[in-house]
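J.: When you get a sec, could you give me coordinates for this:
(one chain, ligands or ions: 1)
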Amino acid sequence: MDSLPDYIYFDHAATTPVLPDVVQEMSTCLNKFYGNPSEPHLPGREANKILQNSKQTIGKAMNCSPEQIIFTSGATESNNLAIFGAAEAYQKKGNHIITSSIEHPSAIMPLRRLQRKGFEVTYIPVDANGIIDPEEVRRAIRPETVMASIMHANNIFGTIEPIAQIGNILKERGIVFHSDAAQTFCNIDIDAEKLNVDLLSISGHKFYGPKGIGALYIRKGTRIMPQLFGGGQQRGVRPGTENIPAVAGLAKACQIGQRNLVANIIKVTVLREYLIEKALNSIEDIRLCGHPVKRLPGNCCFILKNISGKAMVAELDKASIAVSGSSACAASSIKPASAITSLGISCDEAVGSVRISLGFENTLKEIDYFLKVFPPIVNKLRSGL
Ligand code: PMP
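T.: The predicted model follows:
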């Protein structure tokens, strides 16, 4: 029987713990493989071997060749590189970009900047479950459309988008397709070929790897203008001496994630369904946000009436449970709640959102503990005590 830990971690969509084997791998690299991978001597060759092997591991996991993988500092950089890089490379062809209303700020902000520079951006809405209709994407295509950027799964409410169908439509029209897979890579099965994407962003710290490392898949033939300039590392697409320990940690996390993918999906989905069913039955005025089935295995996003997500996070933290809450629809233009209001939920209601994101190391016992402490917290906050 599992015992309860001192603190329960239910915020895997924000970041995951780092696996001990990943720490070990990184530590070995830091201690032994300090060479610059661009140098021809033995330490350089050893470091370069780790770099190449890591590209191979990531490539294998998403069904592409190692040369199509470019390491970055994470999904924020991958999204920026993909969006700015493709917009710049294809700007002579046209100035229209398609995206959705629920993207992560690391995609929205670069797109806003492109708008200020003269690009036109169409934001495709989502339905009440957070799904983007591929036909809406088709209707948004113009002769001057050069790129689309649509996330694989939403980080707040967990809906998984029909990327393969959208990609198929865009492929027919020769439009470059980027998808932000920060929440999906190594959490659900990913195949860059089957997804019909040209560019795919991933992030190490969303699948038990280190923070500050990620990658961008670039399909052969897809043009990208570098956004950093320096030495010729990574074919000049993303120069800078490669962070070998982080790269090795990313590859290790990927290897372990791939090995356990199916078992983890099953385990986490069972935990999720248990939590959702019990929470919906034991708390008043609560509803699930996002698609009931097409959702990330670990995502339980709820909206609770007459309550603040921020207050729920604080109270649960006092009860030694980490979850994530939506901030108010305040003055700032980008806030977590904007993806939730895209579902047709009012600003007032969206304030009461709480995201519980589970990982494979969570247990039924932890969920039972959460289900015991959460209803009284809700009652307390509602009664203003
Ligand atoms: N995209 C999505 C969907 C995310 O959830 C995140 C992380 N919250 C990012 C991009 C940014 O990733 P990183 O922290 O690796 O920059």
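J.: Whichever residue of the chain sits closest to the ligand: neighbour count?
T.: Nearest residue of the chain to the ligand: residue 74, at 2.7 Å (Cβ to the nearest ligand atom). In this view, the C-beta of every residue, glycine as well, is placed from N, C-alpha and C. Residues within reach of residue 74, counting by other Cβ atoms under 10 Å, total 23.
J.: Spit out the contact partners of it.
T.: 203, 204, 205, 211, 212, 213, 214 (Cβ atoms under 8 Å, 6 or more residues apart in numbering).
J.: how about JSON lines for those, with secondary structure and neighbour count added?
T.: Below are those laid out as JSON lines (DSSP: H, G, I helix; E, B strand; the rest coil; neighbours: other Cβ atoms under 10 Å):
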{"residue": "203", "secondary structure": "strand", "neighbour count": "29"}
{"residue": "204", "secondary structure": "helix", "neighbour count": "33"}
{"residue": "205", "secondary structure": "helix", "neighbour count": "22"}
{"residue": "211", "secondary structure": "coil", "neighbour count": "16"}
{"residue": "212", "secondary structure": "coil", "neighbour count": "16"}
{"residue": "213", "secondary structure": "coil", "neighbour count": "27"}
{"residue": "214", "secondary structure": "strand", "neighbour count": "27"}
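J.: I'd like those residues as TSV, with distance to the ligand and pLDDT appended.
T.: Shown next, in TSV, are those (distance: Cβ to the nearest ligand atom, whole Å; pLDDT from 0 to 100):
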residue	distance to the ligand	pLDDT
203	3	98
204	7	98
205	6	98
211	7	98
212	8	98
213	8	98
214	5	98
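J.: wait, which of those is closest to residue 245?
T.: residue 213 (9.0 Å; Cβ to Cβ).
J.: Please identify the residues of the stretch 201-350 of the chain in proximity to the ligand?
T.: 203, 214 (Cβ under 6 Å from any ligand atom).
J.: between the contacts of residue 74, which is closest to residue 362?
T.: Using Cβ to Cβ, these come closest to residue 362 at residue 205, 17.3 Å.
J.: Settle this for me: that closest one is touching residue 211, isn't it.
T.: Yes. Taking contacts as Cβ atoms under 8 Å, residue 205 lies within contact range of residue 211: 4.1 Å.
J.: Pull up the overlap in contacts between the two.
T.: With Cβ under 8 Å, 6+ apart, residue 205 and residue 211 have common neighbours 15, 74.
J.: Would you list the phi and psi of the spatially closest residue to residue 207 that is not a sequence neighbour?
T.: Nearest residue to residue 207, sequence neighbours excluded (Cβ to Cβ, 6 or more residues apart in numbering): residue 186, at 3.6 Å. Dihedral angles of residue 186 (phi, psi; degrees, to the nearest 10) stand at phi 70, psi 10.
J.: Please give me every residue in contact with the closest residue to residue 80 other than its chain neighbours.
T.: Once flanking residues are discounted, residue 80 sits nearest to residue 110: 5.2 Å by Cβ to Cβ, 6+ apart. Residue 110 sits next to 79, 80, 83, 84 when contact means Cβ under 8 Å, 6+ apart.
J.: The last one: neighbouring residues, count only.
T.: Translated: residue 84. By other Cβ under 10 Å, neighbour count at residue 84 equals 19.
J.: Repeat that for the second one.
T.: The number of residues packed around residue 80, counting by other Cβ under 10 Å, is 20.
J.: Please name the residues that touch it.
T.: 106, 110, 227.
J.: With the third one instead?
T.: Residues near residue 83 by Cβ under 8 Å, 6+ apart: 97, 107, 110, 111, 114, 147, 149, 178.
J.: Pipe those into a markdown table and attach distance to the ligand, secondary structure and pLDDT per row.
T.: Output for the contacts of residue 83, formatted as a markdown table (distance: Cβ to the nearest ligand atom, whole Å; DSSP: H, G, I helix; E, B strand; the rest coil; pLDDT from 0 to 100):
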| residue | distance to the ligand | secondary structure | pLDDT |
| --- | --- | --- | --- |
| 97 | 17 | strand | 98 |
| 107 | 7 | helix | 98 |
| 110 | 11 | helix | 98 |
| 111 | 13 | helix | 98 |
| 114 | 17 | helix | 98 |
| 147 | 17 | strand | 98 |
| 149 | 11 | strand | 98 |
| 178 | 12 | strand | 98 |
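J.: Would you convert these into CSV that also reports distance to residue 11?
T.: Shown next, in CSV, are the contacts of residue 83 (distance: Cβ to Cβ, whole Å):
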residue, distance to residue 11
97, 32
107, 21
110, 26
111, 27
114, 31
147, 32
149, 26
178, 26
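J.: Which of the residues you listed sits closest to residue 365?
T.: residue 107 (37.5 Å).
J.: any idea how far that closest one lies from residue 277?
T.: From residue 107 across to residue 277, the span is 33 Å (Cβ to Cβ, to the nearest Å).
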